[in-house]
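Peer 1: Any chance you could fold what I've pasted below:
(chains A, B and C)
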Amino acid sequence: MKKVLWQVLALMLVASMLLAACGTPAATEAPAATEVATEAPATEASGPEALPQGQELANAYAGMYDGTVVTMSGPFTDADAVKFDESVKVFEEATGIDIQYAGSKEFEASIRAAVEGGTVTDIVDFPQPGLLASFVAEGKAIDVNTVVNPDWLAENYIESWLQMGTMEGPDGPIMAGVWARANGKSLVFYPKAAFDAAGYTVPETWDEMMALTEQIAADGDTPWCIGIESGAATGWTMTDWLEETMLRTTSLENYDAWVAGELKFDSPEVRTALKYVTDIWFNDAYVYGGRSSIPTTFFGDAPKPMFEEPTKCWLHRQGNFITSFFPEGLEAGVDYDFFYLPPIDPQYGKPVLGAGDIYAMFNDRPEVRAVLQYFSTGESVKGWIEAGGAISPHLDSNLDWYGDPVTRKVAQVLKEATAFRFDGSDLMPGAVGAGSFWKSMTDYVSGSIDEDTALQQIDASWPK
Amino acid sequence: MKPVLDSKPVRLILAVLSAVVIVFLLQRGFVFLRDTTASKIVIVVFAVLWGVGGVALLYTVANWIVELLPGKWVARVQPIVFVGPGLALLFWFLAIPVFRTLVLSFRDPTGQKFEGFGNYVYAFTNRIMIETFRNNFMWMVFGTFFCVSLGLIIAVLADKSRYEAVYKAIIFMPMAISFVGAGVIWKFVYTYKGEGVGISEIGLLNAIVLAFGGQSQPWLILPPYNNFFLIVIMVWLQTGFAMVILSSAIKGIPAELLEAARIDGASEFQIFFGITIPSIQGTLITVTTTIVIFSLKLFDIVRVMTGGNNGTNVIANEFYLQRFTYSDAGQASAIAVILLIAVIPVMIYNLRQFRESRAF
Amino acid sequence: MKSLQTKNNLSNFLVNFTLILICLIWIVPTLGVFITSFRNSEKIFQSGWWTILPHNEYVKTGEIKIDESVDVNGPITVDGVTHTFEEWRAGVVMPDGKQLTWYGNKRTRQIDIQTQEWIWFETGMTLENYKNVLSGKEIRFKDGSGQEIVRQGNNLNSAFLNSIAVAIPATIIPILIACFAAYGFAWMNFFGRKFLFTIVVALLVVPLQIALVPILQDYTKLNINGTFLAIWLAHTGFGLPLAIYLLFNYINQLPRDILESAFIDGASHFTIFTNLILPLSVPALASFAIFQFLWVWNDYLVSLIFLGDQNRVMTMALAAIVGEKGQDWHLLTAGAFISMILPLTVFFSLQRFFVRGLLAGSVKG
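Peer 2: Residues are numbered from 1 along each chain as shown, chains lettered A, B, ... in the order given. Next up, the predicted model:
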């Protein structure tokens, strides 16, 4: 019996080695994208006059795609999914196209299975462009420049968004998707009512912020609320912090090189930036619950002690989406507000860190083109903006749409930003940006590994 | 009277015809199921009938056909009817993917280029991977040991008690909880809020530690001990499995055997080691094997509780991350293959056991 | 005789005591979450679930203001007692039994007077969590005109039915197929029997994650993605190795003479299987059925990949309710208990078969 077993194993090994070495690549499937592409430009000459976004959108509004279905998938569920449905309702009613959205918690994994398995939805929402980049490299996503009029894109987005949307495909760079939602980071939230009552003032520089930190600590409280637990994605909050201090302690060129993998993690630049983070994080007097509570505190729960009676912690750096985790009944601008995370070195200006959702197209049909063209307009997120929770990256969106003053302020910061940089970990390859960077930072914060190991480990994981 | 209908060829034709009709009907049923917009309850009832009834019908008809074949052929073809469908499914769902995995494990991340043993070299030199293997080893040794021994102790003790059903139901209950649910339950045990004024722990373990004058601990970020805290969850979940199976084996020990031993004045311990254990040896091996394999494949507990952070990673989770999140099919496949190889000793042991029993 | 009686009583007591102790350890974590599922979402994070039990607690009954002239950085004297800020903040029990606790940080200059009181019941126990899980969480937001819109989020109604439609066939089909195969391996002689069985045992260890993408590709070619058939097949395929392995162990150990006499009577394999083996194997089948049912019922990954969204099952619906970023523990706790009801019912209804359960036949002559 044992002999049979070993024979089988040996046979399988040899066979698979042979197959792997010389057989035709097992994984080469015809890209789902190109299948239908040939018949796509079926825009009738007799159709309505094209809109600036493209022909199909005009066709859609003329009712030519009435009764068709466009499927979408992405990571947002729950309230976000409801708000999304609500915001595209106007479009659905006007065109008769049914946009069916399905969100899942295991999005990162299920999208990979769906693309390889050939069941991918027409449009996919990627909150992490780095994840999309791997599909673009395999030639799975459709070049949006062939779908949405490039002139319109140039008109409706600031340059840095378009740059980030341009990714390397097998046949050269393509526009991988349209940006549909943005969020601003670089924000430090504070419990305004209590903050004012205590007589604290908003800091303008990093030193002032550290002085405030020291002051709050001297008054007997822990200044910062920090939590990075987020299930399988634990650690992303830490990477955000490091990106913030990177932007503030080194040049944009260095930041871009770092994101591209050209500047090592194990470099003086990154170590300097990391020092600014750990000076706050690893000081038990500065962090609510102490350093070891950081990896065990869910990021959405982290800000809650700011609103307890009495206030337990006072400062919380996070993206604008965190307000939806605040306890119910708080009023923006009254109970809470934010200030811009101040610069460290004046020579690097006031950079803003942000992130966003990019919608990529995987199946080419006229109605899918129409929907994607629609998503390149600010109108497409209007309902969501009004409902709260979204910020538009489109230039044709209107600041008046924002329901509360705080979100409007964030939108303004983003819209007027000159030194805007995208969340670096979202742009890095998945193995780093959604893998070793999160993991190593989490392990470093919890004290499982030291700084050298953490940084070298991330460098080692960078795909060759 | 009915020689025509009775003759074998005619019955064979009839049987084949009915097989064709059944396959056709099942296919229609499938199309109906896929496209129907009927109410959910109708679909559910129909789906259950179609699925279960369909399989039973197929077996019956296939056997009907086989038994009408000429004598020599019955013995040849019948095993195919019995074993064939199971093996076909196994090959489709597991064996072929294993082979594809084996092929991919020698290739680059996208499966295009040959890379030789590069992925394996990485797997055995990377710090995280080595930690992962160590963790799986811990799961296998401690998880299995506690599951089986606790399951055995409970099964033996419960056998002596009047309230057996109650005890067994309680121990079994965690099996009915999904991993997400179990994750919630154990987060309320291990959660840690930190040190500071006005912080009250809501985690049970920290509350107990504090009540005894200790200091609260962030249990899940304390490598390597955090692995033990996770193994506790597996023991909590899987002991029910071991208990149920071992308990039924214990019930099968002939009562006369135990009676005789007691009359001879054997102590309960002597009975346990002298009669119970040898009698259920086969079952013990089966249970142990099943749980060893379960602990090697373990995925959900780690994924839900820690995501593999802070030194708690396991092979299946690393495979999942590499394959789906990091999009590295080559590396992921190598990891899966190593997992397969790791279990070979268990397989060999099992097969030897079968050979010693009558069948092999 | 009497001493034997006491000895029996003692050992009885020990047996029950040990079992009760183990059961307590087993049940307390679940009990905690069960209690939590009735607490409101804010309380869950502020105090442990055990605080719903009657306990003694300090309750605020008044407050003292500290004059601006007092230096809060030095020792502070209140009612003749002097302590530092840190000590006051941690709480000081005064000679009259009351506890004084500094409120907030140094800038508040406020001390709360607290007296001990018994808290018998926790207020605010609620069924709201269950309501939210069953009928969908209400999601409120404002539209452009400032009007409040209320939308019902996902609920479990159709998910429950879907789970049943998935779980019942995905339990019975693999058992049926495995039973035939196990019989074949145990009682039939055919070419390659040992070799094939070796493969079955080897496949036990294959983690199903490796099969997800290849199977999805096959399903796409067959155009059965998202159908019930697809998910039954998947659960069957992934469950078969263990099913065959366990059932083989059982069937292989059934007394051989029964079967041989049946053969002599001229019965065919099929007749023996349906009339003899199946009835004899009921305990084993029941045991495996409950395990397979539980695994399928609680599966998330396989359904997520193969079933898609239109037929979402309970585990998927629960995950969706909780949300991508949210960790709504109050909903998760309630949801976990709702999804446990059916599996537990199945367990209790099948429990009587466990009297002689799986592998009982391992005791052979």
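
Peer 1: Please, which helix or strand holds residue B:154?
Peer 2: Using DSSP states H and E, the element containing residue B:154 is helix B:144-159.

Peer 1: Also residue A:262?
Peer 2: Following DSSP H and E, one finds residue A:262 outside all helices and strands.

Peer 1: How many neighbouring residues does it have?
Peer 2: Around residue A:262 sit 10 other residues, with neighbours defined as other C-beta atoms under 10 Å in any protein chain shown. The C-beta positions use only the backbone N, C-alpha and C, and glycine is treated the same way.

Peer 1: State the phi and psi torsions of it.
Peer 2: Residue A:262 has phi and psi values of phi -90, psi -30 when expressed as degrees, to the nearest 10.

Peer 1: Relative to chain C, how far out is it?
Peer 2: As for residue A:262, its distance to chain C is 32 Å (criterion: C-beta to the nearest C-beta, to the nearest Å).

Peer 1: From residue A:433, how far off is that residue?
Peer 2: Relative to residue A:433, residue A:262 is positioned 15 Å away (C-beta to C-beta, to the nearest Å).

Peer 1: how about low-confidence regions in the stretch 201-350 of chain B?
Peer 2: Judged by pLDDT under 70, the stretch 201-350 of chain B has no weakly predicted residues.

Peer 1: Also chain C?
Peer 2: C:1-7, C:144-146, C:153-154, C:322-327, C:352-365.

Peer 1: and the helix holding residue B:154, average pLDDT?
Peer 2: Here helix B:144-159 scores 94 as its mean pLDDT.

Peer 1: Kindly report the same for stretch A:267-274.
Peer 2: Averaging the model's pLDDT scores along stretch A:267-274 yields 96.

Peer 1: Spatially, what comes nearest to residue A:340 if we skip its sequence neighbours?
Peer 2: residue A:186 (6.1 Å; C-beta to C-beta, 6 or more residues apart in numbering or on different chains).

Peer 1: The one you found: what's it in contact with?
Peer 2: Contact criterion C-beta atoms under 8 Å, 6 or more residues apart in numbering or on different chains gives A:244, A:317, A:340-341, A:351-354, A:413 as the residues in contact with residue A:186.

Peer 1: Residue A:237 now?
Peer 2: A:226-228, A:230, A:299, A:302, A:318.

Peer 1: which pair in the residues you listed spans the largest distance?
Peer 2: Farthest-apart pair in these is A:226 and A:230; separation 12.7 Å (C-beta to C-beta).

Peer 1: When the two are compared, which one has more neighbours?
Peer 2: Neighbours per residue, other C-beta under 10 Å: of residue A:226 and residue A:230, the larger number sits with residue A:226, 29 against 18.

Peer 1: need the residues of the stretch 201-350 of chain B near chain A, please.
Peer 2: B:218, B:220-221, B:223, B:303-304, B:306-311, B:320-329, B:344, B:347-348 (C-beta under 8 Å from any C-beta of the partner chain).

Peer 1: What about chain C: which of those residues touch it?
Peer 2: Here is what survives when those are matched to chain C using C-beta under 8 Å from any C-beta: B:320, B:323, B:347.

Peer 1: and the first one, how many residues sit next to it?
Peer 2: Around residue B:320 there are 26 other residues, counting by other C-beta under 10 Å.

Peer 1: still on that earlier bit, in strands, which of the ones next to chain C among the residues of the stretch 201-350 of chain B next to chain A fall?
Peer 2: Restricting these to those inside strands, with DSSP state E as the criterion, leaves an empty set.

Peer 1: want to throw those into CSV with distance to residue A:135?
Peer 2: As requested, those are exported to CSV (distance: C-beta to C-beta, whole Å):
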residue, distance to residue A:135
B:320, 18
B:323, 15
B:347, 38
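
Peer 1: neighbours around residue C:24, how many?
Peer 2: Summarising burial for residue C:24: neighbours were counted as other C-beta under 10 Å, giving 11.

Peer 1: so where do the strands sit in chain C?
Peer 2: Assigned by DSSP E, the strands in chain C fall at C:55-65, C:76-78, C:81-83, C:92-93, C:99-102, C:110-119, C:138-142, C:148-152.

Peer 1: Buried ones in the third one, by neighbour count?
Peer 2: Of all the residues in strand C:81-83, those buried under the rule 16 or more other C-beta atoms under 10 Å in any protein chain shown are residue C:83.

Peer 1: Residues contacting it, please?
Peer 2: Contacts of strand C:81-83 (C-beta under 8 Å, 6+ apart): C:75-76, C:92, C:94-95, C:100.

Peer 1: what about 10 Å?
Peer 2: Where contact means C-beta atoms under 10 Å, 6 or more residues apart in numbering or on different chains, the residues beyond strand C:81-83 that reach it are C:74-77, C:87-90, C:92-95, C:100, C:102.

Peer 1: How many residues are close by residue B:114?
Peer 2: 16.

Peer 1: And for residue C:101?
Peer 2: The number of residues packed near residue C:101 is 20, by other C-beta under 10 Å.

Peer 1: which of the residues of the stretch 201-350 of chain B next to chain A are buried?
Peer 2: The neighbour-count criterion (16+ other C-beta under 10 Å) marks B:218, B:220-221, B:223, B:303-304, B:306-311, B:320-329, B:347-348 among these as buried.

Peer 1: Need the nearest residue in space to residue A:398, chain neighbours excluded.
Peer 2: Taking C-beta to C-beta, 6+ apart as the measure, residue A:398 lies nearest to residue A:378, with 7.1 Å between them; neighbours along the chain are not counted.

Peer 1: That neighbour contacts residue A:182, doesn't it?
Peer 2: No. Shown here, residue A:378 and residue A:182 do not form a contact pair, counting by C-beta atoms under 10 Å, at 11.1 Å.

Peer 1: Please verify my assumption that residue A:124 contacts residue A:74.
Peer 2: Yes. Taking contacts as C-beta under 10 Å, residue A:124 lies within contact range of residue A:74: 6.4 Å.

Peer 1: anything in contact with each of those two?
Peer 2: In contact with both residue A:124 and residue A:74: A:107, A:111, A:359, using C-beta under 10 Å, 6+ apart.

Peer 1: In strands, which of those fall?
Peer 2: By the criterion of DSSP E, membership of these in strands covers residue A:359.

Peer 1: now, which of the shared contacts of residue A:124 and residue A:74 lie close to chain B?
Peer 2: When C-beta under 10 Å from any C-beta of the partner chain is taken as the criterion, the members of the shared contacts of residue A:124 and residue A:74 that contact chain B are residue A:111.
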